[in-house]
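**Q** Model the following, please.
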Amino acid sequence: MSISLKIILIGDSGVGKSTIISTLCDEVFKSKYQSTIGIDFRIKHICVDDKYIRLQIWDTAGQERYRAITTSYLRGSNIVLLVFDLTSRTSFNSVVKWLDEIKYRMAGTYYKIFLIGNKNDSYEYRVISNDEAKKYADDNNLTYLEMNSKDSDLVNLIFKEIVTMTNMSDFIKEKKKEVIDLNPIKINQNSGYCC
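**A** The predicted structure is shown next:
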């Protein structure tokens with residue numbers, strides 16, 4: 001059985017969204033990364049519980065000037081990863097406005113949100129504790145996970161965990177109710193964007 005899921009990463013600029021995707025798809029950590037302009041798209045195939053799953057992973061720009069473009073891609077997403085930087089209080093404070101935008105844009109659809117604390121390897125610079133982030137997630141009915149985008153094994157494990165924790169049967173029921181175009185932009189799959 002093959003399932004296709006659209007996953008979108010949302011959050012402030014510089015929190016590590018592009019690095020997470022690069023580490024997942026290319027299994028390479030890039031310490032220097034150019035800011036995403038608008039939106040980027042990658043594909044990753046994984047196997048979870050004997051199910052073949054095609055992940056369409058959308059990387060969004062975190063800058064304010066791209067906000068309208070970024071949030072317009074929320075529609076049709078099955079899973080939203082709301083990413084913040086554990087070493088940045090500002091990025092954690094911005095989670096509130098991102099969450100409001102997600103709820104507004106995705107009203108009436110079934111989706112699952114994960115709050116992701118990135119850069120958990122930077123112990124000496126960490127300003128957001130696990131308890132604080134977990135409390136915020138619990139108060140807002142989110143699932144909280146931490147990761148370190150330098151560790152490809154951990155990133156792969158987290159994505160498998162995200163898929164495992166997501167109730168696939170709910171997505172399948174939703175697809176039967178209406179046809180959801182999980183690929184609103186036709187992208188040449190041979191263009192080097194697949195992983």
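**Q** Check which helices and strands the host helix or strand of Leu9 sits against.
**A** For Leu9, the host element (DSSP states H and E) is strand 2-10. On a contact count with 3 or more CB pairs under 8 Å, 6 or more residues apart in numbering; DSSP states H and E, strand 2-10 meets helix 17-26, strand 51-60, strand 79-85, helix 95-105, helix 168-177. C-betas here are computed from N, CA, C, even on glycine.
**Q** what residues are up against the residue nearest to Ile79 when sequence neighbours are not counted?
**A** Spatial nearest neighbour of Ile79, chain neighbours left out: Ile7 (4.5 Å); criterion: CB to CB, 6 or more residues apart in numbering. Counting by CB atoms under 8 Å, 6 or more residues apart in numbering, Ile7 touches Leu55, Gln56, Ile57, Trp58, Ser77, Asn78, Ile79, Val80, Leu81, Ile162.
**Q** For the longest helix along the chain, C-alpha coordinates in CSV please.
**A** Ranked by residue count under DSSP state H, the longest helix found in the chain is helix 152-165. Only the C-alpha atoms of helix 152-165 are listed here, as CSV (Å, rounded to 0.1, in the frame of the first residue of the first chain):
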residue,chain,number,x,y,z
SER,A,152,21.0,12.4,9.6
ASP,A,153,20.1,9.3,11.6
LEU,A,154,18.1,11.3,14.1
VAL,A,155,16.4,13.4,11.4
ASN,A,156,15.3,10.2,9.6
LEU,A,157,14.1,8.7,12.9
ILE,A,158,12.1,11.8,13.7
PHE,A,159,10.4,11.8,10.3
LYS,A,160,9.5,8.1,10.7
GLU,A,161,8.2,8.9,14.2
ILE,A,162,6.1,11.8,12.8
VAL,A,163,4.5,9.5,10.2
THR,A,164,4.0,6.8,12.8
MET,A,165,2.3,9.2,15.2
